[in-house]
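> model the structure of this input:
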Amino acid sequence: MSLGGFFERYFVDPIRYNQGYNIVNTTVYAIILGVAVVLLYKFLKRIDVRVNEEFFKALMPYVLLGPLMRAMTDLGMLPRTYLTVSPGGYFVIAGFAIAALLVARKYTDGPRLYGLYRDIGLLLLSGLLFILVINYGRLSVRWSYLLYFVPVLTVAELSVWLAAKKFDLIRNNGILFYTHFYDATTTFVGLQFFGFWEQHVLARKLISLTGTPAAMYLEKLLILLPVVYILDRLMEDEDPDLINFVKLAIFILGFGPGTRNLLIVLLRG
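Alright, predicted model coming up:
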């Protein structure tokens, strides 16, 4: 197989034909993500931006841009291209977020920086929401989804709350576990009750082995527990901003796909 054929088979065709992820592109994307996290962290340090609660709040409009753009693509409101589905869509949103941060950094600093950065993000988010609103007549809301989603999410998040009372590692990283169990719930409900299918190769394997989409919760634990253990126990002497940024990336990887799943199952084109 030629290099071009290899690239087309494992990277282009999965997007072109909506085949989901495979072991090859998953591995490559994971490596790219790791490198991107390190580079973005160094970039933030260079422009003297702290990864703190204010930065997290200001970043939220950009975090919402990703799943909204992907959901609107799946619903037919935006063209399906490499730049509007993952992982290309994440690079596009990251590009917007970095450009907006540079603009905000140029014109202000201190606490005002985060406010301006947030406002630019809200402006971008408003543009996508405007497209959604003017196309709303093409959509119908699947209210029955909430009859399954709300009780299952309640049980899932309650299990995190109970575990957090007993285990410090979960309590100290509660937002990550709550967020990823929210993501797992959107997947579980979509697969179990509405006939959707799982795109990620590891999740598909676990579901196949266990025979139930509830394996998504197991997958989250198998990934999150060792990662937060490494960050909190083995890297406790590292720069706190680096630890916070890695945790921010983990949060986005749960919140983004979960919100995208929620939107595409709740809304029908």
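
> now do the buried residues in stretch 34-53.
Buried positions in stretch 34-53, judged by neighbour count with 16 or more other C-beta atoms under 10 Å: 36-37, 40-41, 44, 49, 51. For the C-beta atoms, the positions are set from N, CA and C on the backbone; glycine is no exception.

> against which helices or strands is whichever strand or helix holds residue 102 packed?
Here residue 102, judged by DSSP states H and E, is contained in helix 88-107. Counting contacts by 3 or more C-beta pairs under 8 Å, 6 or more residues apart in numbering; DSSP states H and E, helix 88-107 packs against helix 23-46, helix 53-74, helix 111-134.

> quick check: mean pLDDT of that helix?
Averaged over helix 88-107, pLDDT sits at 89.

> what of stretch 135-152?
The model assigns stretch 135-152 a mean pLDDT of 90.

> need the contact partners of it.
Among residues not part of stretch 135-152, those counted as contacts by C-beta atoms under 8 Å, 6 or more residues apart in numbering are 75-77, 185-186, 188-189, 192-194, 262, 265-269.

> narrow the residues you listed to those in strands?
Of the contacts of stretch 135-152, the ones assigned to strands by DSSP state E are 267-268.

> nearest to residue 229, out of the contacts of stretch 135-152: which one, please.
Lowest distance from residue 229 to the contacts of stretch 135-152 (C-beta to C-beta) belongs to residue 185, with 23.6 Å.

> surely that closest one meets residue 156?
Yes - using C-beta atoms under 8 Å, residue 185 is in contact with residue 156, at 5.0 Å.

> who has more neighbours out of the two?
residue 185 (25 against 22; other C-beta atoms under 10 Å).

> show me the contacts for that one.
Taking C-beta under 8 Å, 6+ apart, one finds 149, 152-153, 156, 258 in contact with residue 185.

> what does residue 141 show for phi and psi?
phi -90, psi 130 (degrees, to the nearest 10).

> also residue 214?
Main-chain torsions, residue 214, degrees, to the nearest 10: phi -60, psi -10.

> quick check: closest non-adjacent residue to it.
Of all residues not flanking residue 214 in the chain, residue 188 sits nearest, at 5.9 Å (C-beta to C-beta, 6 or more residues apart in numbering).

> go on, residue 165?
Residue 165 sits nearest to residue 171 (C-beta to C-beta, 6+ apart), 7.2 Å away.

> give me the contacts around stretch 240-260.
Stretch 240-260 is touched from outside by 33, 37, 40-41, 44-45, 50-52, 56, 59, 63-64, 66-68, 70-71, 74, 90, 173, 175-176, 179-180, 182-187, 220, 224, 227-228, 231-232, 235, with contacts defined as C-beta under 8 Å, 6+ apart.

> gap between stretch 47-56 and the chain center?
Relative to its chain's centre, stretch 47-56 lies at 19 Å (C-alpha atoms, centre = their mean, to the nearest Å).

> straight-line length of it, end to end?
End-to-end distance for stretch 47-56, by C-alpha to C-alpha, to the nearest Å: 16 Å.

> farthest pair in the buried residues of stretch 34-53?
Counting by C-beta to C-beta, the most remote pair of the buried residues of stretch 34-53 is 36 and 49, 16.3 Å apart.

> possible to save the helices and strands packed on helix 88-107 as TSV with distance to residue 82?
Listed next are the helices and strands packed on helix 88-107 as TSV, based on distance: least, C-beta to C-beta, whole Å:
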stretch	distance to residue 82
helix 23-46	12
helix 53-74	11
helix 111-134	18
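
> most tightly packed of these?
Mean neighbour count (mean count of other C-beta atoms under 10 Å) peaks for helix 53-74 among the helices and strands packed on helix 88-107, with a mean of 20.

> show residues contacting that one.
Counting by C-beta under 8 Å, 6+ apart, 49, 78-80, 84-86, 89-90, 92-93, 96-97, 100, 111, 114-115, 117-118, 121-122, 124-125, 128-129, 131-132, 248, 252, 255-260, 263-264, 267 sit against helix 53-74.

> apply 6 Å and report the result again.
78, 80, 84-85, 89-90, 93, 97, 114, 117-118, 121-122, 125, 128, 252, 256, 259-260, 263-264 (C-beta atoms under 6 Å, 6 or more residues apart in numbering).

> circling back: and the helix holding residue 102, how far out from the chain's middle?
So, by C-alpha atoms, centre = their mean, the centroid of helix 88-107 is 17 Å from its chain's centroid.
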